[in-house]
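Participant: fold the following and give me the result.
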Amino acid sequence: MDRPEVNQTTNYSGKLAIQQRVLPYYRLPFFSLLTEACKGGMSIFVGEPLQREGISTTMRSSEFEIYHTRNRHFKDPSNITYLCWQDGILKWLSTWDPDVLIIEANPRYLSSKKAINWMHKRGRSVIGWGLGAPGFSRKDLGSQTVNWVLKRFRHNFLNSLDGVIAYSNRGATEYFTEGIPENRIFVATNAVMKRPTDRPPQRVHDYEGLPKVLFVGRLQVRKRLENLFMACANLPVNLQPHLWIVGDGPARGYFQNIADEIYPRTEFLGTQYGEELQSYFREADLFVLPGTGGLAVQQAMAYALPVIVAKGDGTQEDLVREKNGWLVPPGDFESLRQALVAALSDVKSLRMKGLESYRIVKEEINLENMVNVFVQALNTCSTHNLKNS
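Facilitator: Next up, the predicted model:
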């Protein structure tokens, strides 16, 4: 599919409204940069996650307006039948009176449909932002009737939007399959780091003692760290690394017990911020993400780290390529072990892959380019441009 070419547009002149279920702390740098490009101002409508989700959020910003709502959750967000209602969305829109609304492209947020109708009734545009429209599994859905209903529900919701911003190229293809026109689909690859301005960390062409393998992320069962422990334990003795686990979460005790038994060279460092976190990125030789998630991948790449990442929602495929790392099937212990052997056996090649990671973040996938795509989408999908296209 041929999507519109994204040029270096700098500003959006109108007022922007953004709906989010929650506002993760890691999104603040992106929204801060986006609000600089929105000359009419920006307001974000957001609620709180469930406590068991363990998401680090914020409700404060000196740069843009945050409108706090109550999220009414029905079931767990990981459940295919999860629904959410956000109180007061029309009051927020009436007060802020935006020119364009960006919403999460998720039909399970039932109040979003009211927001779409409110905007369209006033001749204003709504843009969706999401991972894509992956297929439903029979295991999740149970029956063909439920399958048909959910697919139709999602199809109608997506096609009520004036455009979509996808996290990945795979997500863009899925939106196109749902019937969204090519010239209304944009790809803003997920990023948490700005374009690096410093030179990449200089790493010697040999390990200083044991190789150092780094994981950064929320410690949840779906991160599948047990596969990483087992893979490290089954490496040749001369390649077995010092394994750093940065992060915290509900599964920390579970993972620590497994690591103590399987791979005692694992060090759990807890949550790290600022210079402390940066020092681990600079000193590591390799970044590994064996399970789902992965915005820390782009962060690791900004420090010239080669990466081993499990395939997931499509964002990993845009970040990880043959020249800078390895993509492995999720849950496949042997593929992960083989990737670790290939990575740690050839230090010179590993360093070259790290430099390619740095190049990708500097030139392609960074916060500045992510914001640029959003501005392009806002200007392309504004009501005036829609009428003249």
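
Participant: CA atoms for contacts and neighbours, from now on please.
Facilitator: Will do.

Participant: how near is E267 to P241?
Facilitator: With distances taken as Cα to Cα, to the nearest Å, E267 is found 11 Å from P241.

Participant: quick one: which of those two has more around it?
Facilitator: P241 (23 against 16; other Cα atoms under 10 Å).

Participant: enumerate every residue touching the closest residue in space to the more buried one that isn't next to it in sequence.
Facilitator: In space, and not counting its chain neighbours, P241 is closest to P211: 4.8 Å by Cα to Cα, 6 or more residues apart in numbering. Residues near P211 by Cα atoms under 8 Å, 6 or more residues apart in numbering: 239-242, 284-285, 344.

Participant: quick check: the gap between P211 and N227.
Facilitator: 18 Å.

Participant: do I89 as well
Facilitator: Counting by Cα to Cα - I89 and N227 are separated by 43 Å.

Participant: and for the residue nearest to E65 when sequence neighbours are not counted, the neighbour number?
Facilitator: Of all residues not flanking E65 in the chain, S43 sits nearest, at 4.5 Å (Cα to Cα, 6+ apart). When neighbours are counted by other Cα under 10 Å, S43 registers 22.

Participant: same question for the one 10 residues further on.
Facilitator: Neighbourhood size, E53 [other Cα under 10 Å]: 13.

Participant: show the pLDDT at it.
Facilitator: At E53, the predicted lDDT confidence score is 77.

Participant: also the one 4 residues further on?
Facilitator: Looking at T57, its pLDDT reads 82.

Participant: bridging residues for it?
Facilitator: Beta-bridge partners recorded for T57 (DSSP bridges): P24.

Participant: and it, what does it touch?
Facilitator: 22-25, 48.

Participant: redo those as a markdown table? Include neighbour count.
Facilitator: Formatted as a markdown table, these follow (neighbours: other Cα atoms under 10 Å):
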| residue | neighbour count |
| --- | --- |
| V22 | 21 |
| L23 | 23 |
| P24 | 15 |
| Y25 | 13 |
| E48 | 21 |
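
Participant: show me which of those is closest to A300.
Facilitator: For those, the closest approach to A300 (Cα to Cα) belongs to Y25, at 17.8 Å.

Participant: what distance do you get for that closest one to R203?
Facilitator: 31 Å.

Participant: ditto for G123
Facilitator: Computed as Cα to Cα, the G123 to R203 distance reads 56 Å.

Participant: what's the answer for L23, then?
Facilitator: For L23 relative to R203 (Cα to Cα), the value is 36 Å.

Participant: which two in the contacts of T57 are spaced the farthest apart?
Facilitator: The most distant members of the contacts of T57, if one measures by Cα to Cα, are Y25 and E48, lying 12.1 Å apart.

Participant: show me what V164 is bridged to.
Facilitator: G128, I185.

Participant: picking that back up, for the contacts of P211, which single residue is the most surrounded?
Facilitator: That'd be D285 among these, by other Cα under 10 Å, with 27 neighbours.

Participant: from A296, how far out is that residue?
Facilitator: 15 Å.

Participant: check P29 too.
Facilitator: Using Cα to Cα, P29 is found at 14 Å from A296.

Participant: more neighbours, those two?
Facilitator: A296 (19 against 14).

Participant: excluding chain neighbours, what is closest to that one?
Facilitator: Using Cα to Cα, 6+ apart, the nearest residue to A296 is V216, at 6.3 Å.

Participant: can you give me every residue that contacts that neighbour?
Facilitator: Contacts of V216 (Cα under 8 Å, 6+ apart): 245-247, 289, 296.

Participant: dump the residues you listed into JSON lines; add secondary structure as well.
Facilitator: Shown next, in JSON lines, are these (DSSP: H, G, I helix; E, B strand; the rest coil):
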{"residue": "I245", "secondary structure": "strand"}
{"residue": "V246", "secondary structure": "strand"}
{"residue": "G247", "secondary structure": "coil"}
{"residue": "L289", "secondary structure": "strand"}
{"residue": "A296", "secondary structure": "helix"}
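
Participant: just give me the neighbour total for S94.
Facilitator: 11.

Participant: separation between it and A115?
Facilitator: Note on S94: its distance to A115, by Cα to Cα, is 10 Å.

Participant: and G274, by the same measure?
Facilitator: Applying Cα to Cα to G274 and A115 gives a distance of 38 Å.

Participant: and the two? Which one has more around it.
Facilitator: Of the pair G274 and A115, A115 is the one with more neighbours under other Cα under 10 Å, namely 20 against 7.

Participant: is that one in a helix, a strand, or coil?
Facilitator: helix.

Participant: could you do L277 as well?
Facilitator: helix.

Participant: same check, this time on I103
Facilitator: I103 - assigned by three-state DSSP - is strand.

Participant: quick check: buried residues in stretch 179-197?
Facilitator: Neighbour-count burial for stretch 179-197, with 16 or more other Cα atoms under 10 Å as criterion, is recorded at 180-195.

Participant: show only the entries of these found in strands.
Facilitator: Judged by DSSP state E, strands contain the following of those: 185-187.

Participant: what's the closest of those residues to L305?
Facilitator: Nearest to L305 among these: V187, at 24.1 Å, using Cα to Cα.
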